[in-house]
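K.L.:
just a sequence and a predicted model for now, questions to come.
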Amino acid sequence: MQQADRFRKLALIPGLAIVLVMGIAAMLAAVNTMLSAIQSRLRELATLRAIGFDPITVAAQLLTEALILGFLGGAIGALTSVSFLHGQSVLTSNGFSAMAISLSVRPEAALAAIGAVLLCALIAGAWPAILISRICIADALRKT
């Protein structure tokens with residue numbers, strides 16, 4: 001049991017570093033995707049502003065869209081990881097001893113992952129929402 005605890009602690013630091021790097025990369029990809037979506041829908045968003053929607057409403061629409069997409073992605077990812085890891089085990093050996101590790105996803109870990117994805121989606125959607133709320137309507141309608 002002590003060996004399993006030592007292995008868990010040893011694997012935690014590089015695991016968290018990998019998760020952090022992958023999370024930052026995913027957030028940058030999400031920001032890029034949201035900026036591309038705004039660029040392609042610039043006329044639509046400017047039209048909403050021109051017919052009377054205030055900047056906060058349009059920004060809230062973009063943030064809601066980012067959160068819905070983030071929730072769907074997080075839920076699909078959590079369900080996929082649960083289905084792939086359920087009942088799987090890994091055997092490690094160093095020549096003198098062997099250790100079997102059972103892989104599973106705890107429900108609280110899946111919910112924490114979905115929460116982290118929602119936070120990343122909120123951060124990724126904030127920058128495009130701020131940009132669209134500050135855009136000049138006439139310039140946006142002229143550009144497209």
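P.N.:
That came through fine.
K.L.:
the protein: helices as residue ranges?
P.N.:
Assigned by DSSP state H, the helices in the chain fall at 2-40, 42-50, 55-85, 107-134, 137-143.
K.L.:
which strands and helices sit next to the shortest one?
P.N.:
When contacts are defined as 3 or more C-beta pairs under 8 Å, 6 or more residues apart in numbering; DSSP states H and E, helix 137-143 sits against helix 42-50. Using the backbone N, CA and C atoms, a C-beta is placed for each residue, glycine as well.
K.L.:
and the helix it packs on, what does it pack onto?
P.N.:
Helix 42-50 is packed against helix 55-85, helix 137-143, with contacts defined by 3+ C-beta pairs under 8 Å, 6+ apart.
K.L.:
which one of the ones you listed lies nearest to Ala25?
P.N.:
helix 55-85 (14.3 Å; C-beta to C-beta).
K.L.:
ok, now how distant is the residue lying farthest from the centre of the chain from Arg49?
P.N.:
Most distant from the centre of the chain: Phe96, at 41.6 Å, with distances by C-alpha atoms, centre = their mean. Relative to Arg49, Phe96 is positioned 70 Å away (C-beta to C-beta, to the nearest Å).
K.L.:
ok, Thr33 next?
P.N.:
22 Å.
K.L.:
for the residue nearest the centre of the chain, what are its contacts?
P.N.:
For the chain, the residue nearest the mean C-alpha position is Val117 (3.5 Å; C-alpha atoms, centre = their mean). By C-beta atoms under 8 Å, 6 or more residues apart in numbering, Val117 lies in contact with 70-71, 73-74, 77.
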